[in-house]
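**Student:** Quick check, what structure comes out for this input:
(one chain, ligands or ions: 1)
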Amino acid sequence: MTSKILIIGACGQIGSELTYKLREIHGVDNVIASDINTRKLELVNAGPFVILDAKNFNAIKDCCINHNVKTIYLMAALLSATGEKYPMEAWDLNMNSLFHVLNLAKVKQIDHVFWPSSIAVFGPTTPKEDTAQHTIMEPSTVYGITKQVGERWCEYYHEKYGVDVRSIRYPGIISWKTLPGGGTTDYAVEIYHEALKNKAYECFLSEDTELPMMFMDDAIKATVDIMQADADTIKIRSSYNLAAISFTPKEIANSIQEHIPDFKITYKPDFRQAIADSWPKSIDDTTAKKDWNWEHAFSLKDITKEMLLQLGEK
Ligand code: SER
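**Tutor:** Below you'll find the model as predicted:
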């Protein structure tokens, strides 16, 4: 039986697009999508799908044995804003799912692991501009703590047990196919939906809050590229800094106004402002560029054009 790829959290914002991309590369039947429920029917019906709880070690293990899974992309997580509301749930899901997958790799049930980290690993004491790969990391959100600790464990499993785990620190991801859920950077997706629907958006961050962002196509490309790279080129086994663009709510609003001149943005910062304020404004991704030739393609102008076009058609 040919070896298979399992995506855990396949109904989520990144998981869904990753599923389609990996099926394009490896064939529909070789990529098993899984999630805790069938909330995204289009994806559920698009190929092999199993209902899987990322917190259930035996369920993941059985799935790997039954389908000869050798690679797992662990995309299930509670994000920054939801994590602040449900700290223990975030810790439980984000950490236990990672241990389950790393432990399956440790005993060689599977051979390769992708696990996403985030700009949330950084905190208020981190230098904010061009944040370096190696720098002060004192995350102040539960989500950030799970990602920071997760990075340490990934590196540990690689060093001690030879586990081939690879990771990137995603910035805020902008996409039109699947909505994000529970993140602080979600405004940069919501704003396009509201611009088309109501020509107005009330932003939960202040106008000058600059954050690192990236278009989904670039994020998927990075994910595929790091997993396809030769093992010895992947020098960082915690997680790679990854950058594309940085902008503020005001700047994204301006770029929308180039297409929809009467679009209006207002600002009403809520608890997510403090989370955003604790994160970097821009990221230095020199190491990813050097080690596995990372390069982004989409500018803010490109993203706005594509988002308004695709959502408009939808
Ligand atoms: N997009 C994530 C969030 O806002 C950051 O990784 O929580």
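**Student:** what's the closest non-adjacent residue to the residue of the chain positioned farthest from its centre?
**Tutor:** Ranked by distance from the centre of the chain (C-alpha atoms, centre = their mean), the top residue is Asp262, with 32.2 Å. Nearest residue to Asp262, sequence neighbours excluded (C-beta to C-beta, 6 or more residues apart in numbering): Lys199, at 5.7 Å. (Each C-beta comes from the backbone N, C-alpha and C, glycine too.)
**Student:** Could you pull out the buried residues of the lowest-mean-pLDDT helix or strand in the chain?
**Tutor:** The helix or strand of the chain with the poorest confidence is helix 41-44; it has a mean of 94 (mean pLDDT, DSSP states H and E). For helix 41-44, the neighbour count (16 or more other C-beta atoms under 10 Å) marks Leu43, Val44 as buried.
**Student:** Likewise for stretch 257-277?
**Tutor:** Buried residues in stretch 257-277, counted by 16+ other C-beta under 10 Å: Phe263, Ile265, Tyr267, Pro269, Arg272, Gln273, Ile275, Ala276, Asp277.
**Student:** what does it rub up against?
**Tutor:** With contacts defined as C-beta atoms under 8 Å, 6 or more residues apart in numbering, stretch 257-277 is touched by 80-81, 84, 120, 124, 140-141, 184-185, 191, 195-196, 199-207, 209, 211, 249-250, 253, 256, 304-305, 308.
**Student:** Can you go through these and name the buried ones?
**Tutor:** Buried members of the contacts of stretch 257-277, scored by 16+ other C-beta under 10 Å, are 80-81, 84, 120, 140-141, 184-185, 191, 195-196, 201, 203-205, 209, 211, 249-250, 253, 256, 304, 308.
**Student:** now, which of the residues you listed lie within helices?
**Tutor:** Using DSSP state H, Ser80, Ala81, Glu84, Ile191, Ala195, Leu196, Pro249, Lys250, Ala253, Ile256, Thr304, Leu308 are the members of those that sit in helices.
**Student:** quick one: which of those is nearest to the ligand?
**Tutor:** Minimum distance to the ligand across these is 3.2 Å, recorded for Ser80 (C-beta to the nearest ligand atom).
**Student:** any idea how far the closest one lies from Ala253?
**Tutor:** Here Ser80 is placed at a distance of 22 Å from Ala253 (C-beta to C-beta, to the nearest Å).
**Student:** which one is the residue in the stretch 101-250 of the chain that the ligand sits nearest to nearest to, not counting chain neighbours?
**Tutor:** Shortest the stretch 101-250 of the chain-to-the ligand distance, computed as C-beta to the nearest ligand atom: residue-wise this is Gly183, at 2.8 Å. In space, not counting the residues next to it along the chain, Gly183 is nearest to Leu79; the distance is 4.1 Å by C-beta to C-beta, 6+ apart.
**Student:** Same question for Leu308.
**Tutor:** His259 (5.4 Å).
**Student:** Quote the end-to-end distance of stretch 158-169.
**Tutor:** The first residue of stretch 158-169 is 17 Å away from its last residue (C-alpha to C-alpha, to the nearest Å).
**Student:** between the ones in helices among the buried ones among the contacts of stretch 257-277, which is nearest Lys289?
**Tutor:** Set against Lys289, the nearest of those by C-beta to C-beta is Thr304 (25.0 Å).
**Student:** Next, the contact list for the residue lying closest to Gly312 once chain neighbours are set aside, please.
**Tutor:** Nearest residue to Gly312, sequence neighbours excluded (C-beta to C-beta, 6+ apart): Leu196, at 6.0 Å. Applying C-beta under 8 Å, 6+ apart, we find Leu196 in contact with Ile260, Leu308, Leu311, Gly312.
**Student:** which one of those residues is nearest Ala243?
**Tutor:** Nearest to Ala243 among the contacts of Leu196: Leu308, at 23.8 Å, using C-beta to C-beta.
**Student:** got a pLDDT number for the residue nearest to Gly183?
**Tutor:** We have a pLDDT of 97 for Leu79.
**Student:** didn't Phe298 look like it was pressed against Ala222?
**Tutor:** No. In this structure, Phe298 is not within contact of Ala222 by C-beta atoms under 8 Å, at 11.8 Å.
**Student:** Spell out which parts of the chain neighbour the ligand.
**Tutor:** Contact residues, the chain versus the ligand (C-beta under 6 Å from any ligand atom): Leu79, Ser80, Ser118, Ile119, Ala120, Tyr143, Tyr170, Gly172, Gly183, Thr184, Thr185.
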